[in-house]
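Visitor: okay, here's the prediction I keep looking at, along with the sequence it came from:
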Amino acid sequence: MSDVSKQAPSVSDAYEMVVGLEVHVQLLTRTKAFCSCSTAYGAPPNANTCPVCLALPGALPVLNEEAVRLAVRAAHALHCTVNETSIFARKNYFYPDLPKGYQISQFDKPLAEHGKLDIGVNADGTPITIGITRVHMEEDAGKSVHDRYPGVTAIDLNRSGVPLIEIVSEPDMRSAREAGAYLRALKQVIEYTAVSDANMEEGSLRVDANVSARLRGETTLGTKTEVKNLNSFSGVERALEIEFARQCEVLASGGVVTQQTMLWDANRGEVRPARSKEGSHDYRYFPEPDLPPLRLARAWIDAAELALPELPAAKVARFIADYKLPPTDVEVLVASQPTAAYFESVVKAGAEPKAAANWVIRDVLQEVKGGASISAFPVEPSSLAQLIGMVTDNTVSSAAAKSIFVIAAKTRELPSDIAKREGLLQERNEDALVGWVDQVLAENPDVATRFRGGDRKLLGVLVGLVMKASKGRADPRAINQLLSARAADGK
Amino acid sequence: MAIGADDVRHVAALARLAVPESQLPALVSQLNGILSHMDALAKVKTVGVMPAAGVGDAAMPLRADIGPPIPLARPLESFAPQSRDGFLLVPRLATHESAGDDESDE
Amino acid sequence: MNGSAESAVRDAFARMAEVDAGPAGLNCILWTDEARALQDAAAVDALAAKGALAGVPFVAKDNIATTHLQTTCGSRILEGYVSPYEATVITRLRDAGAVLVGKSNMDEFAMGSSNEHSAWGPVLNPVDRTRVPGGSSGGSAAAVAAGIVRIALGSETGGSVRQPASYCGIVGVKPTYGRVSRYGLVAFASSLDQVGVFGATVADAAAGLEVIAGRDTRDATSADCPIDRYTAAATADLADVVIGRPREYFPKSLDPRIAKRCDDALESLRARGAEIREVSLPHTDLAIPVYYIIAPAEASSNLARFDGVRYGPRGASDGLREMYESTRTRGFGAEVTRRILLGTYVLSAGYYDAYYKKAQEVRTLIAQDFREVFESGVHLLFTPTTPSPAFAFGAKSDPYEMYLNDIFTATANLAGVPAISVPIGDIDGLPVGGQLIARHFDEQMMFRGAFALEAAHVGAE
Ligand SMILES: [Mg+2]
Ligand SMILES: [Zn+2]
């Protein structure tokens, strides 16, 4: 199949990719969805289990109110309509890490429906909007470890019953890149609303993709396949490209795509069919009789919406409008809430927005990349604002400012203190400036002569040399004037 | 709606029950005998009738997001058929890739 | 309830040895631990503050989770399983001073009306050992009828307490759905299941229910409703009480001797001042089809957890699927297998709407019948508990014929209303029960009628 992908482009051009994504997100609750067991990650196997999540005979589920609050929060952030009444349902199937033999999920009446998510803008500036079909609540399954002991599968039920939301998109994406953009935008919203840590490596965010191909210009959907086992955003994009290419090959050669589940193999970089058993997909959904309908008061639902923080899209718009920043800058600043917050406090502390943006993007993010959190960054917003001010009013040169920043990032000192101690304040004293000028002219007689002889091109060279002699403390503009004056009267 | 041997095989597979072929005919006739009485329902008019969702119109009580969990009087290992290092053990799937399909899915 | 807990428990075990043990015994008690029971009794005797049921021995059906006796649901699939947690109803009884003396035999997973479907052998009816005690809570009913205990826990899904109570000549209560916690009751059909109580007398049943009733935060379907003093419901007259006689429960085909007992009972209630009114519950005849779709459907899902992975004996296993199938095929008996297949079928793709959804809609109509009758000013409904007295072993071979035993009882489970069976006489020495059905959470009125019925009957002896 990987070969297919190599010859794909030519074939694929005639076809259009149609993608819908199902994303499962673990909610940040202290305890599980239907029992009081801890959701802590990394406990010893089966340490976080009880009669309920072990599905012992006679045990019953009781829903966690915080799971409901977080799910509703996420639904609002995705502009969904939250239903006042939603119904839990049983999804029946046998698997060793599914203790009850059914998953408590939602089917006919989900928590929320009809949402949308903007994932970027078209060339003409209009937003690219992906429809959200539904957001429903369900419980996670345990973990099956297949390679730990020979011949057996090891089951750990610590994850069994951890609350999830499943976010189902409309088939609105037309390329792997759009799918990637959707996932990044979704992760961003989830993080902004603190509903989950949305960490794909730890499995707190999981993605299944439904992909189909159709001739460009066609309006009906082709037969889709479901691609599972996607373990990273880049993996999603690669898997989609490869599966799409495979489908194009099939269609181009007059074949038909069979609806089936495919598995992404990141190591081999290939998509292959999951061995499926006949009729193994009859889940026999029916309303969960152990849980009455979930009824939420409209007033409570609306209050939850008002409690939402500013979401990425709104922040982008505001930054462009209020700070007159280029969209490219804003995109970087808003990528994470802490970064945006840091930038705004720098501006609030008096820094000019564009300068602040440059410093945050170019210097601050450089320093904090590598997992460190920007909120704990040694150079506090007020300090950075001070430093930026010192550059604008020429108290320090921008070269000096850089070295001050590097020191502050280590020592947490005030830039003004560092500048004094390191003698980096710009020198305005006339005698000192004249001294450096004389020194440079003396040390470079021939250059000096040609300059006095009227070779103005050398002005830049000399200014540079004087700056060097002054270790960056001289004010370039003042030096400019002094040198020009010398050239004029030929001394 | 009469139920046939294939239907019984199908639901037996879904329910993870190994019904011996020898018992199929008896089961088919018994199930058909039972289901024939169910056809009385088809004649009842239920347009606009809400299916009973549980009993009464009680709303769901919620629990606070706190522990501790309900304790076990005896550890899992004491009643689990097969366990090791705290894990429960089951026979390895023929192909554990098929996990994704035969449902490790949420 | 006089004398010490210890002597009461000794008496219970003595009686058990007398009637239950051996090949000729009733086989109503499956698991006991006399030493442990005597310890518990001693602990109760040592207490200064006595609970409502201090020193009262009781037995619990084998599908109610107990931490020191097995909980097998009368099934091989749970052979040897001792629950690591305790059912709420057991905790409440023990907190009230009652002492658990045994787990009682039952139809496997409560699926049956004769107790012939227990993996541990049938229970004999103490009144006539050639006949069934009824089911599925036949063991508990027999234990009370045989005088081992005065109070026993059973479970109801379609009549599993009232029907054996009627067959054994004792009192059996099915509370309002949600009145008693299901936490620790091994589920058969979650939307129908309710723990029920057997009593040697109405007062015994009332005392037991009083203790176990009430909201439990571990069961999302348990209701937060005030609990009256059922034991105080005894009253001489029924003036201002309207009792309905639903004609659908008295068909032409009804055994005339049963009809006669019922007429006598109604007469005795009228004599105490009750107004008897002819009423109609038009959808009654649909109860059995509805019940036998909903119950197996929910059961097929509830019994999926018995897979040999976490507890219970595991079948031979060369592969995962083989392990599942050998565990479940060996573990479940014929009736349970039949109902799992039926329930899986009615839920499966293409049949859900025609069967399960349709049944839930008709269930709504059945519940409406009750609401309308009660809203018309009727306080109680009186009906026969069963269409016939206890039948002989093996008398009902066809499954559906067996199912028809629940014809007068399943409606209360489908509607969620409380109902009680009280002895109203006998036919050739075989007990006959009369059923009183009340409004949701009006157990108080139900007991008021039951006390009156009992008084009249006992008086007639
Ligand atoms: Mg899901
Ligand atoms: Zn738990």
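Guide: All right, it came through fine. Ligands and ions are numbered 1, 2, ... in the order given.

Visitor: buried residues in stretch A:341-350?
Guide: Within stretch A:341-350, the residues that qualify as buried by neighbour count (16 or more other C-beta atoms under 10 Å in any protein chain shown) are A:Y342, A:F343, A:E344, A:S345, A:V346, A:V347, A:A349. Placement of C-beta: from N, CA and C, glycine included.

Visitor: oh, that last question was meant for stretch A:27-47, not what I typed.
Guide: Those would be A:27-29, A:31-39, A:43, A:45-46, for stretch A:27-47 by 16+ other C-beta under 10 Å.

Visitor: re earlier: can you pick out the ones from the buried residues of stretch A:341-350 that are in strands?
Guide: When DSSP state E defines the strands, the subset of the buried residues of stretch A:341-350 inside them is empty.

Visitor: contacting residues around the residue lying farthest from the centre of chain B?
Guide: Among residues of chain B, the one most distant from the C-alpha centroid is B:I66; the distance is 30.1 Å, by C-alpha atoms, centre = their mean. Neighbouring residues of B:I66 by C-beta atoms under 8 Å, 6 or more residues apart in numbering or on different chains: A:R30, A:T31, A:S36.

Visitor: what about the buried residues of stretch A:27-47, which are in helices?
Guide: In helices, judged by DSSP state H, none of the buried residues of stretch A:27-47 are found.

Visitor: near the residue in the stretch 151-300 of chain A positioned nearest to ligand 2, how many other residues are there?
Guide: Proximity of the stretch 151-300 of chain A to ligand 2 (C-beta to the ion) peaks at A:G161, 5.7 Å away. By other C-beta atoms under 10 Å in any protein chain shown, the residues close to A:G161 number 31.

Visitor: please apply the same query to the one 5 residues further on.
Guide: For A:E166, the neighbour count with other C-beta under 10 Å is 21.

Visitor: so what's it up against?
Guide: By C-beta under 8 Å, 6+ apart, A:E166 lies in contact with A:E22, A:V23, A:H24, A:V25, A:S105, A:R134, A:V135, A:H136, A:E138, B:E106.

Visitor: so which of those is the most crowded?
Guide: Across the contacts of A:E166, the neighbour count under other C-beta under 10 Å reaches its highest value at A:V135, namely 27 neighbours.

Visitor: immediately after the helix or strand hosting it, which helix or strand?
Guide: Secondary structure assigned from DSSP states H and E places A:V135 in strand A:127-139. Beyond strand A:127-139 in the direction of the C-terminus, DSSP H and E gives the next helix or strand as strand A:143-149.

Visitor: do that following strand and chain C meet?
Guide: No: Strand A:143-149 is not in contact with chain C by C-beta under 8 Å from any C-beta of the partner chain; minimum separation 10.1 Å.

Visitor: paired strands for that strand, with orientation please.
Guide: The strands that strand A:143-149 pairs with in its sheet are strand A:152-156 (antiparallel) (by DSSP bridges).

Visitor: give me the residues contacting the helix or strand of chain B with the lowest mean pLDDT.
Guide: Comparing every helix and strand of chain B by mean pLDDT, DSSP states H and E singles out helix B:24-38 as the least confident one, with a mean of 93. Outside of helix B:24-38, the residues within contact range by C-beta under 8 Å, 6+ apart are B:1-5, B:8-9, B:19, C:288-289, C:292-293, C:338, C:341-342, C:345, C:355, C:359, C:398-400, C:403.

Visitor: pull out the buried residues from it.
Guide: Neighbour-count burial for helix B:24-38 flags B:L24, B:L27, B:V28, B:Q30, B:L31, B:I34, B:L35, B:M38 (criterion: 16+ other C-beta under 10 Å).

Visitor: now it, how far from the chain's geometric center?
Guide: Mean-position distance between helix B:24-38 and its chain equals 20 Å (C-alpha atoms, centre = their mean, to the nearest Å).

Visitor: next secondary structure after the one helix or strand C:A142 maps to?
Guide: Assigned by DSSP H and E, C:A142 belongs to helix C:138-145. Using DSSP H and E, the helix or strand that directly follows helix C:138-145 along the chain is strand C:151-156.

Visitor: which strands or helices does the very next helix or strand once past that following strand pack on?
Guide: Toward the C-terminal end, the helix or strand that comes next after strand C:151-156 (DSSP H and E) is helix C:162-168. Helices and strands touching helix C:162-168, as assessed by 3 or more C-beta pairs under 8 Å, 6 or more residues apart in numbering or on different chains; DSSP states H and E, comprise helix C:138-145, strand C:171-174, strand C:194-199, strand C:419-427, strand C:430-438.

Visitor: try 6 Å
Guide: Using 3 or more C-beta pairs under 6 Å, 6 or more residues apart in numbering or on different chains; DSSP states H and E as the contact definition, the elements that helix C:162-168 packs against are helix C:138-145, strand C:171-174, strand C:419-427.

Visitor: out of the ones you listed, indicate the one that is most buried.
Guide: Among the helices and strands packed on helix C:162-168, helix C:138-145 has the highest mean neighbour count (mean count of other C-beta atoms under 10 Å in any protein chain shown), at a mean of 35.

Visitor: helices or strands up against that helix?
Guide: For helix C:138-145, the packing partners by 3+ C-beta pairs under 6 Å, 6+ apart come out as strand C:57-61, strand C:99-104, strand C:151-156, helix C:162-168, strand C:194-199.

Visitor: switch these over to JSON lines; also include mean pLDDT.
Guide: Rendered in JSON lines, the data for the helices and strands packed on helix C:138-145 read as follows (pLDDT from 0 to 100):
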{"stretch": "strand C:57-61", "mean pLDDT": "98"}
{"stretch": "strand C:99-104", "mean pLDDT": "98"}
{"stretch": "strand C:151-156", "mean pLDDT": "98"}
{"stretch": "helix C:162-168", "mean pLDDT": "98"}
{"stretch": "strand C:194-199", "mean pLDDT": "98"}
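
Visitor: of all these, which one comes closest to C:G449?
Guide: Proximity to C:G449 (C-beta to C-beta) singles out helix C:162-168 among the helices and strands packed on helix C:138-145, at 14.2 Å.

Visitor: which residues are in contact with stretch C:404-415?
Guide: Stretch C:404-415 is contacted by residues C:113, C:158-159, C:162-163, C:192, C:249, C:287-288, C:291, C:363, C:366-367, C:370, C:383-384, C:419, C:437 when judged by C-beta atoms under 6 Å, 6 or more residues apart in numbering or on different chains.

Visitor: how close does C:V9 get to ligand 1?
Guide: Relative to ligand 1, C:V9 is positioned 51 Å away (C-beta to the ion, to the nearest Å).

Visitor: how many neighbours does that residue have?
Guide: Neighbour number of C:V9 under other C-beta under 10 Å is 26.

Visitor: roughly how far apart are the residue nearest to it when sequence neighbours are not counted and C:R10?
Guide: Spatial nearest neighbour of C:V9, chain neighbours left out: C:A41 (4.3 Å); criterion: C-beta to C-beta, 6 or more residues apart in numbering or on different chains. Separation of C:A41 from C:R10 (C-beta to C-beta, to the nearest Å) stands at 8 Å.

Visitor: compare those two (neighbour count), which wins?
Guide: Set C:A41 next to C:R10 and count neighbours by other C-beta under 10 Å: C:A41 wins out with 24 against 16.

Visitor: so where's chain A uncertain?
Guide: Counting by pLDDT under 70, chain A contains low-confidence ranges at A:1-11, A:276-280, A:370-372, A:489-491.

Visitor: biggest helix in it, by residue count?
Guide: In chain A, taking DSSP H as the definition, the longest helix is helix A:233-252.

Visitor: in that one, what's buried?
Guide: Buried positions in helix A:233-252, judged by neighbour count with 16+ other C-beta under 10 Å: A:233, A:235-252.

Visitor: quick one on the thing from earlier: which among the contacts of A:E166 gets closest to chain C?
Guide: Ranked by distance to chain C (C-beta to the nearest C-beta), those are led by A:S105 at 12.8 Å.

Visitor: most packed of the helices and strands packed on helix C:138-145?
Guide: Of all these, as judged by average neighbours under mean count of other C-beta under 10 Å, the leader is helix C:162-168 with a mean of 35.

Visitor: and for that one, what are the contacting residues?
Guide: Applying C-beta under 6 Å, 6+ apart, the contact partners of helix C:162-168 are C:113, C:133-134, C:137-138, C:141, C:145, C:171-172, C:174, C:198, C:385-386, C:390, C:409, C:421, C:433.
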